[in-house]
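Colleague: Generate coordinates for the sequence data below:
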Amino acid sequence: MEQPLTLLCLAHLNWDHVWQRPQQLMSRFAGYCRVMYVDPPDFATPGKRPVLEERQGMAGLRVIRPLFPRNLFNTPGHSYQELWLCLLPDVLAEVGTNTILWVFSPRADYLVAAALPEIRLAVYDCMDDLASFRDGTQDLYDRETHLLRLVDLLFTGGRSMYEARKHRHARAYCFPSGVDIGHYAQVMDPAMKEAPALAGISHPRLGYFGVLDERIDWDLIGAIAESRPEWQWVLVGPTAKVEPRELPAVPNIHYLGHQPYSALPSFLKGFDIATMPFALNQATKFISPTKTLEYLAGGKPVISSSVPDVVASYKDIVDIADGADAWIHRIEQTLAAPQQAQQARRDRATGILAQSTWDSIADRMWTLMEEELKQKSDTAARADEL
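Modeller: Sure thing, here's the model as predicted:
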C-alpha cells in the first residue's frame, strides 16, 4: 500500500515565530497532503544523540523540533551539520518515501543532498536573499548554487530575487508573498477594537509590524521622531540581529514586542499610517515585504522607502519616500488627506489584493508540484519499459 503524500518542510524559522510566508504556505498545503514542519534545531540538556520533539501543530500539520545535546555540540564528529545528518534518517522515517522536500534556505543544501535518494521531489522557496544580509557570506552564495543543482523547482518570494536567479535554474517561478484578505479586513469592521497595548499611546500613530532587524532604517525613524515629537512610532515585532544601542530611544517610539498573528489586525486598527521604513542597503535589495498587502487589506495608507519590489509593484497605491525630509512631507500630506482621497486609494488596491491571496499562491504552487511529480513518474515508467 502506497504511503500518503507528505510535504516535509525543513524550515529556517520556528513555526511559532512571526507568522509569515512559511506558515502561510504550509498551513494551506495541509489541505492538499500531510505536512511535517521541522523547526531549526534547538540545543537541549545533555544527551547521547540528537532527538526529535513533537511541538504544537494544527490539523494536517505536525511540527517537529530537533534537539541537539549541548554536551556533544562541536566536539569531534559532532558539528552542527554532523548532528543534523545523524538525525535526518529519523526525520525521513517519519514521513516515508512518498515525500516532497521543501526548504527555504541555502544552508539546507547538504540536507537536501542527503535526502534526495529517499524522496520524490525537492523544492527551494527563496524567500530572502540571505547572502546579502549582515551575516551573509560568499559561502552562502556558493551553497545556494549547490542547492539549485539539487532541487527540481525554484520558487522566489519577489521579482528582484526571481530576476537574479531565473537563469540559474530551468524551472524557476516568481511567487511574491500574498495576503490573507479576510484576516486583515477585520480592521475595517467597526466591531473590532484596537489592541489594549495601544491605549496609552496618543495619535497620530505611525505603525509597523514585523521583525525589527538590520533592514529597518533606524536613523530615519530616530530623525523623524526627534523632528516631530507629537507623532508616535508604534513598532510591533521581535528584534533580531540588531544591538540595543542601534535602536533609537526617545519617548515617542514605542517597542511593543512580538505579538501573535491573530492580534495583528487589532494593532493595525490603531495605526493612522502604516509604514515600511526600510534602509536601502544590500539586505533590502531583494526583499518583497509581505506587510505591503497586509497593510492595504486593512485599508490603511502606506508609506515606504523605495525598495525596488515595492516601487515596481505598488507605486500607484503606496507612497514612496526616502530621507527624513521626504518622509515628513509624505506623512503630513497623508494625515491631511480627505476621506475621499483615502477611499480612492483603497479602491485602487482592491484588484491587486484579489490577485494576491495566499490561497491562490498555494494552489498555483501545488499545481506545479503535481506536474513535476507526474513528469518524474512518467519518466521512471518509460525507463522501466526499456
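
Colleague: Below-threshold pLDDT in the chain: ranges please.
Modeller: When residues are selected by pLDDT under 70, those of the chain lie in 1, 131-136, 386.

Colleague: List the contacts of the residue lying closest to residue 260 once chain neighbours are set aside.
Modeller: Spatially, and ignoring its direct neighbours in sequence, residue 260 is nearest to residue 19 (7.8 Å; C-beta to C-beta, 6 or more residues apart in numbering). C-beta coordinates here come from the backbone N, C-alpha and C atoms, glycine included. Neighbouring residues of residue 19 by C-beta atoms under 8 Å, 6 or more residues apart in numbering: 260, 261, 264.

Colleague: if we go to 10 Å?
Modeller: Applying C-beta atoms under 10 Å, 6 or more residues apart in numbering to residue 19 gives the contacts 13, 27, 180, 183, 259, 260, 261, 262, 264, 290.

Colleague: Confirm it sits in a strand?
Modeller: No: using DSSP: H, G, I helix; E, B strand; the rest coil, the assignment for residue 19 is coil, not a strand.

Colleague: Please report how far it lies from residue 257.
Modeller: 15 Å (C-beta to C-beta, to the nearest Å).

Colleague: Please apply the same query to residue 4.
Modeller: Taking C-beta to C-beta, one finds residue 4 at 39 Å from residue 257.

Colleague: Quick one: distance of stretch 182-201 to the chain centre.
Modeller: Here stretch 182-201 is found 23 Å from its chain centre; the criterion is C-alpha atoms, centre = their mean, to the nearest Å.

Colleague: now the end-to-end length of that stretch.
Modeller: In stretch 182-201, first residue to last residue: 27 Å (C-alpha to C-alpha, to the nearest Å).

Colleague: likewise stretch 207-226?
Modeller: Start-to-end span of stretch 207-226 (C-alpha to C-alpha) is 16 Å.

Colleague: How far off centre is it?
Modeller: For stretch 207-226, the distance to the chain centre is 19 Å (C-alpha atoms, centre = their mean).

Colleague: Would you indicate which residues of stretch 229-249 are buried?
Modeller: For stretch 229-249, burial by neighbour count (16 or more other C-beta atoms under 10 Å) applies to 231, 232, 233, 234, 235, 236, 237, 239, 242, 247, 248.

Colleague: do stretch 142-157 as well
Modeller: 143, 144, 147, 148, 150, 151, 152, 153, 154, 155, 156, 157.

Colleague: same question, stretch 253-269
Modeller: Buried-residue list, stretch 253-269, by 16+ other C-beta under 10 Å: 253, 254, 256, 259, 264, 265, 266, 267, 268, 269.

Colleague: what lines up beside the helix or strand hosting the third one in the sheet?
Modeller: The one in question is residue 256. Following DSSP states H and E, one finds residue 256 within strand 253-257. Counting by DSSP bridges, the strands paired with strand 253-257 are strand 232-236 (parallel).

Colleague: Just checking the distance from the partner strand to the centre of its chain.
Modeller: The gap between where strand 232-236 is centred and where its chain is centred comes out at 21 Å by C-alpha atoms, centre = their mean.

Colleague: now swap in stretch 334-348 and tell me
Modeller: 29 Å.

Colleague: before we move on, what about stretch 311-331?
Modeller: Worked out by C-alpha atoms, centre = their mean, stretch 311-331 lies 23 Å from the chain centre.

Colleague: number of nearby residues for residue 186?
Modeller: 17 (other C-beta atoms under 10 Å).

Colleague: so it touches residue 192, yeah?
Modeller: Yes: counting by C-beta atoms under 10 Å, residue 192 is a contact partner of residue 186 at 5.1 Å.

Colleague: what sits in contact with each of those two?
Modeller: With C-beta under 10 Å, 6+ apart as the test, residue 186 and residue 192 both reach 265, 266, 268, 269.

Colleague: Out of the residues you listed, which sit inside helices?
Modeller: Applying DSSP state H to the shared contacts of residue 186 and residue 192, the entries found in helices are 265, 266, 268, 269.

Colleague: Among these, list the two that are farthest apart in space.
Modeller: Largest separation among these by C-beta to C-beta: 266 and 268, giving 7.4 Å.

Colleague: Residues that sit against both of these two, list them.
Modeller: Joint contacts of residue 266 and residue 268 (C-beta under 10 Å, 6+ apart) are 186, 187, 192, 194, 195.

Colleague: Show me which of these is closest to residue 297.
Modeller: Nearest member of the shared contacts of residue 266 and residue 268 to residue 297, counting by C-beta to C-beta, is residue 187, at 7.9 Å.
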